[in-house]
Each structure stands twice: as structure tokens, then as C-alpha cells.
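*Asks:* Got a predicted structure plus its sequence, pasted below:
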Amino acid sequence: MPHIWCAGCGIGSAVGCFIRAIDRTGLNADKMALVSGIGCSGRAAGYVRLDSFHTTHGRAIPFATGLKLANPELNVVVFSGEGDLASIGGNHLIHAARRNIDMTVICINNFNYGMTGGQLGPTTPLDARSATSPYGNYEPPFNLPRLVAAAGATFVARWTVFHLRQLERCIAEALVKPGFSFVEVIAHCPTAYGRLNKQGQGVDGLRYYKEKSVVRNGADPSEADIGMSGPILVGKFIDIERPTFWNNYMQVSNKAQKK
Ligand code: SF4
């Protein structure tokens with residue numbers, strides 16, 4: 001299928017895992033909605049045969065929240081990049097986790113705003129070069145698993161696009177888990193971030209993830225910071241139970257109707 005992604009980009013592999021994960025769960029695709037924001041990853045919404053919505057910058061999560069509350073039977077998935085979800089949409093991300101909105105967020109983290117030329121983003125590692133930090137980044141980046149876990153997410157995991165089988169299984173698990181599930185996917189962007197940081201082509205990115213990844217299921221997300229030269233902690237970090245926003249809302253609604 002023709003698509004906009006550059007040769008060697010990691011996003012397509014993540015979309016493939018998502019599609020195979022739907023098959024793995026056996027979920028009814030007619031009861032699923034995919035919401036994305038703006039950026040290279042946000043284009044995923046245009047390439048799937050689901051009810052899909054390509055929304056405005058940073059607003060995929062509030063759009064998805066509206067869908068879920070209007071039709072609680074829908075399985076709602078947000079697929080977007082770290083710049084969209086954690087910077088421009090950062091407030092929505094933490095509050096959806098805090099409220100435990102029942103949705104799955106698949107966040108492609110390629111450490112920069114690739115679509116607009118490789119600017120510094122919320123997860124760009126210290127010392128990394130970007131179009132807006134040509135001498136190296138001096139802003140501490142977000143550790144996304146730690147951020148969403150601290151905000152209250154009930155399922156938090158990270159894999160890279162080298163770990164396709166694990167990623168597919170992980171997304172399948174997240175899709176059926178009630179509550180706010182967050183799957184971070186580390187993906188290479190050879191055209192912008194990779195070029196500026198001399199990281200080579202797509203295959204070099206995969207080799208790097210193979211060498212630098214450390215699998216530790218159950219690890220404390222506070223240990224999952226990512227620096228310029230690794231390591232990259234991957235695995236399922238958090239899997240807990242907590243009432244969802246809808247459970248709490250219905251409890252109060254029932255109480256109010258008995259009065
Ligand atoms: S600019 Fe980067 S993230 Fe965007 S499609 Fe190209 S390689 Fe992928």
C-alpha cells in the first residue's frame with residue numbers, strides 16, 4: 001500500500017504489530033475506533049480499515065475520551081507520536097491516565113518531530129542533536145513510562161520496533177485490558193533524528209535496538225530513562241487493577257438516581 005513514511009522508518013512496523021494484535025485478540029473491528037493526532041505516526045489512522053479519526057495536534061486523547069464516553073462499548077485506541085501525545089497533548093495524556101479512561105494509547109517515540117524537519121521534542125535525549133538543538137539538547141527529557149505510571153495508568157509497557165513479536169503480544173494484551181493502557185514503541189527516524197545524530201539507516205536502527213535493549217518485565221519505570229547511548233529498558237512494567245472512569249461515573253449516577 002502506498003504510504004508517506006520514509007524508507008527505513010520504524011512506524012510501519014508498529015502499525016503492522018497493531019493490526020496483527022487485533023487479529024490475535026479476536027476483537028470485533030466494527031466495534032473499534034482508531035484516533036490519531038498530527039505527525040508522521042498520526043498518519044496511521046489513514047491506513048487502517050477501522051472507524052478512524054485523524055484529529056488536531058495534541059487532541060487525540062480528548063477526542064478518544066469523547067468517543068469512549070458516548071459509546072462505552074467501543075474499543076478505543078489512540079495511535080500517535082510522542083511530540084503529539086506528550087508535549088502538545090501532554091496535559092491530556094496525564095489526565096486520561098489519572099482518570100483511568102478505558103483506552104489503549106500506542107505512542108511512537110522517535111525522539112523528535114520528524115514530519116516538520118526534526119525539531120527537539122519532549123523525549124529527545126540529553127546531548128542529542130535536533131534541528132533546534134544543533135549543539136546538543138540540554139533539556140531533560142520525559143521518561144514516558146514513568147510519567148504515565150505516576151499519573152495512574154494501569155498498564156504500562158515499552159518495546160522497540162526490533163521486538164515485533166513482543167510488541168504484537170503486548171498490544172493485544174493492552175487492547176483487552178480495562179483502564180488506561182500505555183504502550184511506548186521506540187522507533188527510528190532515519191530521515192531526521194537518525195541523520196542529525198549519525199545513526200545510519202533503518203537497519204542500523206534495528207541493530208542498535210537489538211544491542212542496547214534490556215528486557216525487564218516488572219521493572220520500576222523510574223529506571224527507564226533513555227540516554228544517547230542506551231541502555232533501553234523494555235518490557236511490561238505496570239499491570240494493575242483500578243476502577244475505570246466509567247465504573248466510578250456509573251456508581252455516582254446510580255446513587256443520584258436512587259435519591
Ligand atoms: S520523517 Fe522520520 S518519522 Fe517521519 S516518516 Fe520519515 S523517517 Fe519516519
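*Replies:* Looks like it came in fine.
*Asks:* From here on, just use CA atoms for contacts and neighbour counts.
*Replies:* Fine.
*Asks:* if I look at residue 103, how far off is the ligand?
*Replies:* Separation of residue 103 from the ligand (C-alpha to the nearest ligand atom, to the nearest Å): 24 Å.
*Asks:* For that residue, give me the backbone phi and psi.
*Replies:* Taking degrees, to the nearest 10, you get phi -150, psi 160 for the backbone angles of residue 103.
*Asks:* which SS state does the most centrally placed residue in the chain fall under?
*Replies:* By C-alpha atoms, centre = their mean, the mean C-alpha position of the chain lies nearest to residue 107, the distance being 1.2 Å. Classification of residue 107 using DSSP: H, G, I helix; E, B strand; the rest coil returns strand.
*Asks:* again, but for residue 44
*Replies:* Note that with three-state DSSP, the state of residue 44 is helix.
*Asks:* ok, so what distance separates it from residue 110?
*Replies:* Residue 44 sits at a distance of 15 Å from residue 110 (criterion: C-alpha to C-alpha, to the nearest Å).
*Asks:* which residue ranges form the strands in this structure?
*Replies:* 32-36, 51-54, 75-81, 103-109, 155-160, 180-186, 213-215, 232-239 (DSSP state E).
*Asks:* Which one of these lies nearest to residue 1?
*Replies:* strand 51-54 (17.2 Å; C-alpha to C-alpha).
*Asks:* could I get that closest one in CSV with only the CA atoms?
*Replies:* Extracted in CSV, the C-alpha atoms of strand 51-54 (Å, rounded to 0.1, in the frame of the first residue of the first chain):
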residue,chain,number,x,y,z
ASP,A,51,-13.5,3.8,12.1
SER,A,52,-10.5,6.1,12.2
PHE,A,53,-10.1,9.8,13.0
HIS,A,54,-7.1,12.0,12.3
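*Asks:* name the helices or strands packed onto that strand?
*Replies:* Counting contacts by 3 or more C-alpha pairs under 8 Å, 6 or more residues apart in numbering; DSSP states H and E, strand 51-54 packs against strand 32-36.
*Asks:* show me the contacts for the residue nearest to the centre of the chain.
*Replies:* Applying C-alpha atoms under 8 Å, 6 or more residues apart in numbering to residue 107 gives the contacts 78, 79, 80, 81, 82, 85, 182, 183, 184, 185.
*Asks:* what pairs with it across the strands?
*Replies:* As for beta bridges, residue 107 partners with residue 80, residue 184 under DSSP bridges.
*Asks:* Quick check: it vs the ligand, distance?
*Replies:* Residue 107 is 12 Å from the ligand, by C-alpha to the nearest ligand atom.
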